[in-house]
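J.: next one to model:
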Amino acid sequence: MIAIDYHGYPAGRITSGHLALDFLTRAGPRLVGLRLEGRSENLLAELPQVHWSSPHGDYRVYGGHRLWIGPESAARTYVPDDQGVTVREAGARLELIGGREAPTGIRKSMTIELATDRPRLSIIHGIVNEGSQVLDLAPWAITQMPLDGTAFLPQARGVFGPEDPDAQYQPKGHLVLWNYARWDDPRLDIRDRFVLVQARPGLPPCKIGMFNTAGWAAYLRKDTLFCKRFSPEPARPHVDHFCNLEVYCNDEVLELETLGPLVHLGPGQRTEHIERWELVPGLPADLDHDQVAEIVARGMSG
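T.: Residues are numbered from 1 along each chain as shown. Model prediction:
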């Protein structure tokens with residue numbers, strides 16, 4: 001681990017030869033930097049100045065990647081995580097263990113492993129109930145990206161197989177809109193194969209959600225495609241009108257968010273939510289939507 005500074009906050013860095021990953025060492029678990037080898041640009045958004053008041057004190061966003069719990073509420077979601085983190089490193093594997101949250105009894109963790117052969121990594125998001133009450137929650141992994149890119153959300157494929165004689169009568173998918181969002185938001189582009197979100201400045205907040213059966217979502221900015229993969233679980237309950245993929249965008253940032261199923265977590269129990277990140281640099285400026293899907297498919301088979 002290399003000790004670094006992140007806008008005045010102590011941080012560390014691990015590298016794989018393909019990626020450099022930055023994380024806070026006194027708060028979190030938080031990932032705050034992701035860079036391709038040989039490039040200085042942080043592919044994650046940096047928002048050290050953003051904070052707001054919560055029932056538990058000042059909540060600081062920092063930027064980058066964080067772990068929340070759904071469904072969203074001021075009392076349970078906005079618990080500050082700046083009171084310490086334990087860092088354990090073993091080669092390209094990193095474990096970040098947060099402190100126990102007094103209001104909820106929850107302890108969050110991230111276990112990150114960098115691939116050694118390409119710009120990939122995996123993150124195991126862990127939530128342990130160290131309290132005395134049963135908690136109903138969903139692990140919620142949020143990645144903040146800089147503006148001026150495009151989020152690709154694959155439209156749902158039907159979960160009924162072609163052998164089902166009633167498949168044609170079933171709905172294929174749904175799109176959920178948050179209270180403050182508008183259907184005519186100029187950032188939204190709803191197509192047959194994808195829902196696209198253009199991350200533009202100068203517009204009010206917007207948020208949409210869906211149940212994603214493809215198991216991936218991507219963000220294309222400049223010449224680099226960022227893709228996160230996860231495992232859909234359509235047979236299990238989900239929060240937010242059955243969403244496992246959500247996108248939030250405001251005047252500063254786009255958030256690419258995945259959610260695990262809703263769990264009934266008793267004292268001492270643990271739940272996990274796994275994401276796998278891939279980066280594809282050096283892409284042409286005129287890349288079309290079908291080519292994005294092809295690149296993601298090649299990554300799945302590679």
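
J.: name the nearest residue to V197, ignoring sequence neighbours.
T.: The shortest distance from V197 to any residue other than its chain neighbours is 4.1 Å, reached at A151 (C-beta to C-beta, 6 or more residues apart in numbering). Just so you know, the C-beta spots here come from the backbone N, C-alpha and C atoms, and that holds for glycine as well.

J.: after the helix or strand encompassing that neighbour comes which helix or strand?
T.: With secondary structure defined by DSSP states H and E, A151 is part of strand 150-154. Going down the chain from strand 150-154, the next helix or strand is strand 175-177, by DSSP H and E.

J.: helices or strands next to the helix or strand that that following strand is followed by in the packing?
T.: Counting by DSSP H and E, the element after strand 175-177 in chain order, helix or strand, is strand 188-190. The contact analysis (3 or more C-beta pairs under 8 Å, 6 or more residues apart in numbering; DSSP states H and E) places strand 188-190 against strand 194-198.

J.: quick one: low-confidence ranges for the protein?
T.: 157-162, 300-302 (pLDDT under 70).

J.: quick one, longest helix in it?
T.: helix 289-301 (DSSP state H).

J.: what does that one rub up against?
T.: Residues from elsewhere that reach helix 289-301 (C-beta atoms under 8 Å, 6 or more residues apart in numbering): 152, 154, 191, 193-194, 196, 216, 218, 220, 225, 227, 229, 278, 280, 283.

J.: need the contact list for A199.
T.: Shown in contact with A199 (C-beta under 8 Å, 6+ apart): 145-151, 187, 219, 221, 249, 253-254.

J.: isn't L67 right up against P139?
T.: Yes - if you go by C-beta atoms under 8 Å, L67 and P139 touch, sitting 6.8 Å apart.

J.: which neighbours do these two have in common?
T.: Residues touching both L67 and P139 (C-beta under 8 Å, 6+ apart) are 125, 127.

J.: all helices for the stretch 1-150 of the chain, in order.
T.: 74-77 (DSSP state H, counting those that start in this stretch).

J.: wait, isn't L225 in contact with G282?
T.: No - with contacts counted by C-beta under 8 Å, L225 stays clear of G282, the gap being 9.8 Å.

J.: more crowded one of these two?
T.: Looking at L225 and G282 with other C-beta atoms under 10 Å, you find the greater number of neighbours at L225, namely 24 against 8.

J.: next, the contact list for K228, please.
T.: Taking C-beta under 8 Å, 6+ apart as the test, what K228 contacts is 143, 216-218, 256, 258, 275-278.

J.: tally up the residues packed near G17, please.
T.: 13.

J.: what sits closest to it if chain neighbours are left out?
T.: Closest to G17 by C-beta to C-beta, 6+ apart is E37, at 6.3 Å.

J.: so the one you found is in contact with H18, correct?
T.: Yes - with contacts counted by C-beta under 8 Å, E37 reaches H18, the gap being 5.3 Å.

J.: and these two? Which one has more around it.
T.: H18 (17 against 12).

J.: can you pull the contacts of the more buried one?
T.: Counted by C-beta under 8 Å, 6+ apart, H18 has contacts 36-37, 114-120.

J.: for L135, same thing?
T.: 104-106, 129, 264-265.

J.: go on, K207?
T.: So K207 contacts 177-178, 180-181, 246-249 (C-beta under 8 Å, 6+ apart).

J.: try 6 Å
T.: Neighbour list for K207: 178, 181, 248 [criterion: C-beta atoms under 6 Å, 6 or more residues apart in numbering].

J.: among these, who's most crowded?
T.: Y248 leads the contacts of K207 on contacts (other C-beta under 10 Å) with 19 neighbours.

J.: that one belongs to a strand?
T.: Yes - under DSSP: H, G, I helix; E, B strand; the rest coil, Y248 falls within a strand.

J.: now do the closest residue to W183 other than its chain neighbours against I190, distance only.
T.: In space, and not counting its chain neighbours, W183 is closest to L177: 6.5 Å by C-beta to C-beta, 6+ apart. Separation of L177 from I190 (C-beta to C-beta, to the nearest Å): 11 Å.

J.: fine by me, we can end here.
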